[in-house]
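Colleague: can't give you the sequence, but here's the structure:
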Ligand SMILES: O=C(O)CCC(=O)C(=O)O
Ligand SMILES: [Mn+2]
């Protein structure tokens, strides 16, 4: 049994309305962040999906993969993904993420932003497979990119710009997905590859 006071201890809340978001820097990993970045880059079965956005087909501006428990399914932007089985490395990372967030997850979605031209449009993680108030733990390796958060209906609340460095965990819970969208813009400043892992619980299957 872990000490009650150790739960969430190193997470710092980000003080924004209508959200439950917190951040942890420098999560402990079994090997260095650069080594994990290389392994994930080389070992992941990356895919570049065609997605339908506002009725138009186009290639996603990043590579993606889904790993997780068997029998689950994740549908978004008109595509349906079935998780590949956990690798030893992903299972070990999941264990550490579960340990520091005190949550459990059955899938991880990976995004590879190859350089500054790759991006992710504003969206909420609100697919029905994720349930009503999903807990999502996002972990970054490689280049630092800025995670943007925009309130959905209150224009007076400023855009949040959260730089996510290697080893940073961003935890979103509660009503966050109801009130906020998030995304990663392209940038003019050149940068190397970044891999982001979002641990989730898929209810389907
Ligand atoms: O790359 C990131 O930090 C965000 C990823 C994300 O929002 C997602 O996979 O749904
Ligand atoms: Mn997201």
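Modeller: Yep, it's here. As the structure is a prediction and not an experimental result, all values here were calculated from the model. Ligands and ions are numbered 1, 2, ... in the order given.
Colleague: contacting residues for the residue of the chain found nearest ligand 1?
Modeller: Going by C-beta to the nearest ligand atom, ligand 1 is nearest to residue 196 of the chain, at 3.3 Å. For the C-beta atoms, the positions are set from N, CA and C on the backbone; glycine is no exception. By C-beta atoms under 8 Å, 6 or more residues apart in numbering, the residues touching residue 196 are 110-111, 113, 138-141, 164, 184.
Colleague: what of residue 70?
Modeller: Contacts of residue 70 by C-beta under 8 Å, 6+ apart are 83, 85.
Colleague: distance to ligand 1, secondary structure and neighbour count added to the contacts of residue 196, as TSV?
Modeller: Output for those, formatted as TSV (distance: C-beta to the nearest ligand atom, whole Å; DSSP: H, G, I helix; E, B strand; the rest coil; neighbours: other C-beta atoms under 10 Å):
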residue	distance to ligand 1	secondary structure	neighbour count
110	8	strand	20
111	5	strand	21
113	7	strand	25
138	5	strand	23
139	9	strand	27
140	6	strand	25
141	11	strand	26
164	6	strand	22
184	5	strand	21
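Colleague: quick one: low-confidence parts of this structure?
Modeller: Residue ranges of the chain with pLDDT under 70: 1-9, 205.
Colleague: contacts for the longest helix along the chain?
Modeller: Among all segments of the chain classified by DSSP state H, the helix with the greatest residue count is helix 88-101. Outside helix 88-101, the residues within contact range by C-beta under 8 Å, 6+ apart are 8, 10-11, 24, 27-30, 36, 39-40, 43, 67, 86, 104-105, 108, 135, 137, 139, 169, 171, 197, 199.
Colleague: quick one, which of those residues are buried?
Modeller: Listed as buried from the contacts of helix 88-101 are 11, 24, 27, 29, 36, 39-40, 67, 86, 105, 108, 135, 137, 139, 169, 171, 197, 199; burial here means 16 or more other C-beta atoms under 10 Å.
Colleague: which other residues reach the strand or helix carrying residue 121?
Modeller: Using DSSP states H and E, residue 121 sits in strand 120-123. If you take C-beta under 8 Å, 6+ apart as the criterion, strand 120-123 is touched by 53, 61-62, 111, 113, 148, 150, 181-184.
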